[in-house]
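Undergrad: below is the sequence, then the predicted model.
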Protein chains: 2
Amino acid sequence: MSDQFPTREKIAAFRQEHLGRLFLRAHRAFSERALLKFQEREYDWLRPMHLTLIAQIDLDGTNVTSLASRIGVTKQAVSQMLDELESRGYVERTVDPANRRAAIVTFTEAGVRLLHDAYQIKQEIEAEYIAVLGEDGFNQLRSLLVKLLESIE
Amino acid sequence: MSDQFPTREKIAAFRQEHLGRLFLRAHRAFSERALLKFQEREYDWLRPMHLTLIAQIDLDGTNVTSLASRIGVTKQAVSQMLDELESRGYVERTVDPANRRAAIVTFTEAGVRLLHDAYQIKQEIEAEYIAVLGEDGFNQLRSLLVKLLESIE
DNA sequence: TTGTATGGTAAAGTAGCTTGACGATTCTGT
DNA sequence: ACAGAATCGTCAAGCTACTTTACCATACAA
């Protein structure tokens, strides 16, 4: 009976504790902390999707279609985000000489600086996590997540 | 030098491995799996935010303002979602006799069934995760997440 | 009993996408 | 060699899930 008609207690547990919500809360906490740190460094225009996009641009350049498929949105959405990043001076679009339909997106100097700042911010946040969980706990958490994702994705 | 000017390798690691992205991927995987299972049970209209909202409605009723603050959106947004849930017959709004400004949102019978289905789906997905990580690994993952969130949120 | 706070809704505005349509370039088959 | 199909990117319009602004109804406080 209890599986077909869960008790109020079970429902309460479902609401607060289930892994899906824990993942969401963890992601939000990380993302908000990161965005705050970016703001402190005067990247106040940055939104999460910018970071997702920037993380997928290779140092030697990537085309729009590849970026779109890597981050799971349309080429048009990527193109719009690139307009903003380009107008702010963080990336450039150049014509691919090997395929003149394609645009190669590369970082400007300011873009590389942004990437370095992102790396540092990631390090700072992970250091905060290590302070909470210990080095072992942190590594365990990461390897459990990787193991899980390898299997379920 | 290496901290101020991370190498290409470090940047590559930042892109793929950092905990923020792992949390995001884990949440997406869970959410997509859950939504698929809801679709199989003919809740094809359900979107993630509906689940977030439903999970915050107490069995003995909750008002709109509380729901809004719990899920972190405006009262108007909650009101709009409730319109849809109400039109589909899963929740009801009644006037709070103790405070006639307030609306008490409660589940209908269909709403309680939905809650039970949600509980079962959660159980199914967690069983899949246990199959991958083992019972110990699963419990470790959950307790590490809880410990982390208690400290950083 | 009058001002102020609170609970909720309605309507309009907005951000961040998608879809549809298209031009430019490249590939493919004959 | 070249017609037809595929690929790369962009523009414009549309959509969805919110927010902002404005407001009414009720409750509280001086």
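TA: Now that the structure is in, tell me what you want to look at.

Undergrad: hmm, A:V146 is touching B:F23, no?
TA: No. Distance between A:V146 and B:F23: 11.9 Å, which falls outside the contact criterion (Cβ atoms under 8 Å). For the C-beta atoms, the positions are set from N, CA and C on the backbone; glycine is no exception.

Undergrad: higher neighbour count, the two?
TA: B:F23 (24 against 14; other Cβ atoms under 10 Å in any protein chain shown).

Undergrad: what packs against the helix or strand in which A:R28 is found?
TA: When elements are defined using DSSP states H and E, A:R28 is found to belong to helix A:19-40. For helix A:19-40, the packing partners by 3 or more Cβ pairs under 8 Å, 6 or more residues apart in numbering or on different chains; DSSP states H and E come out as helix A:48-54, helix A:109-152, helix B:19-40, helix B:109-152.

Undergrad: the last one: how far from the chain's middle?
TA: To tie it back to what came earlier, the one meant is helix B:109-152. 11 Å (Cα atoms, centre = their mean, to the nearest Å).

Undergrad: helices or strands up against that helix?
TA: Packed next to helix B:109-152, using 3+ Cβ pairs under 8 Å, 6+ apart, are helix A:8-17, helix A:19-40, helix A:109-152, helix B:19-40, helix B:48-54.

Undergrad: between the ones you listed, which one is closest to DNA strand C.
TA: Each of the helices and strands packed on helix B:109-152 has some distance to DNA strand C by Cβ to the nearest atom of the strand; the shortest is helix A:19-40, at 11.4 Å.

Undergrad: test my guess that A:T74 contacts A:V64.
TA: No. Proximity of A:T74 to A:V64 does not meet the contact threshold set by Cβ under 8 Å, at 10.0 Å.

Undergrad: these two: which has the busier surroundings?
TA: Neighbours per residue, other Cβ under 10 Å: of A:T74 and A:V64, the larger number sits with A:V64, 17 against 10.

Undergrad: residues in contact with that one?
TA: A:V64 is in contact with A:75, A:78-79, A:82, A:102-103, A:105, counting by Cβ atoms under 8 Å, 6 or more residues apart in numbering or on different chains.

Undergrad: swap in A:I121?
TA: A:34, A:37-38, A:41.

Undergrad: how about 10 Å then?
TA: Applying Cβ atoms under 10 Å, 6 or more residues apart in numbering or on different chains, we find A:I121 in contact with A:33-38, A:40-41, A:43, A:51, B:14, B:18, B:20.

Undergrad: out of the residues you listed, which are buried?
TA: The neighbour-count criterion (16 or more other Cβ atoms under 10 Å in any protein chain shown) marks A:33-35, A:37-38, A:43, A:51, B:14, B:18, B:20 among the contacts of A:I121 as buried.

Undergrad: in JSON lines, list those along with distance to A:K122 and pLDDT.
TA: What follows is those, written out as JSON lines (distance: Cβ to Cβ, whole Å; pLDDT from 0 to 100):
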{"residue": "A:R33", "distance to A:K122": "10", "pLDDT": "94"}
{"residue": "A:A34", "distance to A:K122": "7", "pLDDT": "94"}
{"residue": "A:L35", "distance to A:K122": "13", "pLDDT": "93"}
{"residue": "A:K37", "distance to A:K122": "10", "pLDDT": "95"}
{"residue": "A:F38", "distance to A:K122": "11", "pLDDT": "95"}
{"residue": "A:Y43", "distance to A:K122": "14", "pLDDT": "94"}
{"residue": "A:L51", "distance to A:K122": "10", "pLDDT": "94"}
{"residue": "B:F14", "distance to A:K122": "5", "pLDDT": "66"}
{"residue": "B:H18", "distance to A:K122": "5", "pLDDT": "87"}
{"residue": "B:G20", "distance to A:K122": "7", "pLDDT": "92"}
